[in-house]
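J.: Test case, fold it:
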Amino acid sequence: MWRAYLKVIAAKAPQALHVLDRFHITMHLKQAVDQVRRAETGWLRGQPVAEKLKHMRWKLLRRGNRVRGQAKRRLWAQLRTKLATGRAWMLKETFQDFWRYRSLNWAAVFLDV
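T.: From the prediction side, this is the model:
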């Protein structure tokens, strides 16, 4: 993933295939959710709805099935507000279904949708 590393690989092994693994794809999805949350917090600063995003960072970055109790209630309440952060989190969670596919064809269909 490091740019210098990718340049060396491209120079020394141009036929090599760059494959992203589950860990790195999940990391990028989490970074995207956090960027949306930060941007939205900035846009909504001073508005009452901005309070719903306070103290939500780690709840949004965890997998949905790992959030429990009061944190889960706050997360679902935040999703009902129709904020972009909730949509980004839902897309991250939806992508978890991708890892269950055993057929290349069905995985391709999932990515095309």
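
J.: which stretch of helix or strand covers the spatially closest residue to Gly64 that is not a sequence neighbour?
T.: With CB to CB, 6 or more residues apart in numbering as the criterion, Gly64 has its nearest non-adjacent residue at 4.8 Å, and that residue is Glu93. Any C-beta I mention is one placed from the backbone N, CA and C, and that applies to glycine too. Assessed by DSSP states H and E, Glu93 sits inside helix 84-94.

J.: quick revisit: just to check, the residue nearest to Gly64 is in contact with Leu60?
T.: No - between Glu93 and Leu60 there is no contact under CB atoms under 8 Å: 10.1 Å.

J.: More neighbours: the two, which one.
T.: For Glu93 versus Leu60, the count of surrounding residues by other CB atoms under 10 Å is larger for Leu60: 21 against 15.

J.: From the chain's centroid, how far away is whichever strand or helix holds Gln31?
T.: Using DSSP H and E, Gln31 sits in helix 22-43. Distance of helix 22-43 from the chain centroid (CA atoms, centre = their mean, to the nearest Å) equals 6 Å.

J.: Dump the C-alpha coordinates for that helix into PDB.
T.: Output of helix 22-43 as PDB, limited to C-alpha atoms (Å, rounded to 0.1, in the frame of the first residue of the first chain):
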ATOM      1  CA  ARG A  22      -9.600  -7.900   3.400                       C
ATOM      2  CA  PHE A  23      -7.700  -6.000   6.100                       C
ATOM      3  CA  HIS A  24      -6.600  -3.200   3.800                       C
ATOM      4  CA  ILE A  25     -10.000  -2.900   2.100                       C
ATOM      5  CA  THR A  26     -11.700  -2.700   5.500                       C
ATOM      6  CA  MET A  27      -9.200  -0.100   6.600                       C
ATOM      7  CA  HIS A  28     -10.000   2.100   3.600                       C
ATOM      8  CA  LEU A  29     -13.700   1.700   4.200                       C
ATOM      9  CA  LYS A  30     -13.200   2.800   7.800                       C
ATOM     10  CA  GLN A  31     -11.100   5.800   6.800                       C
ATOM     11  CA  ALA A  32     -13.800   6.800   4.400                       C
ATOM     12  CA  VAL A  33     -16.500   6.700   7.100                       C
ATOM     13  CA  ASP A  34     -14.300   8.700   9.400                       C
ATOM     14  CA  GLN A  35     -13.700  11.400   6.700                       C
ATOM     15  CA  VAL A  36     -17.400  11.700   6.100                       C
ATOM     16  CA  ARG A  37     -18.000  12.000   9.900                       C
ATOM     17  CA  ARG A  38     -15.400  14.700  10.200                       C
ATOM     18  CA  ALA A  39     -16.600  16.700   7.300                       C
ATOM     19  CA  GLU A  40     -20.200  16.400   8.400                       C
ATOM     20  CA  THR A  41     -19.300  17.500  11.900                       C
ATOM     21  CA  GLY A  42     -17.700  20.600  10.400                       C
ATOM     22  CA  TRP A  43     -20.700  21.400   8.300                       C
END
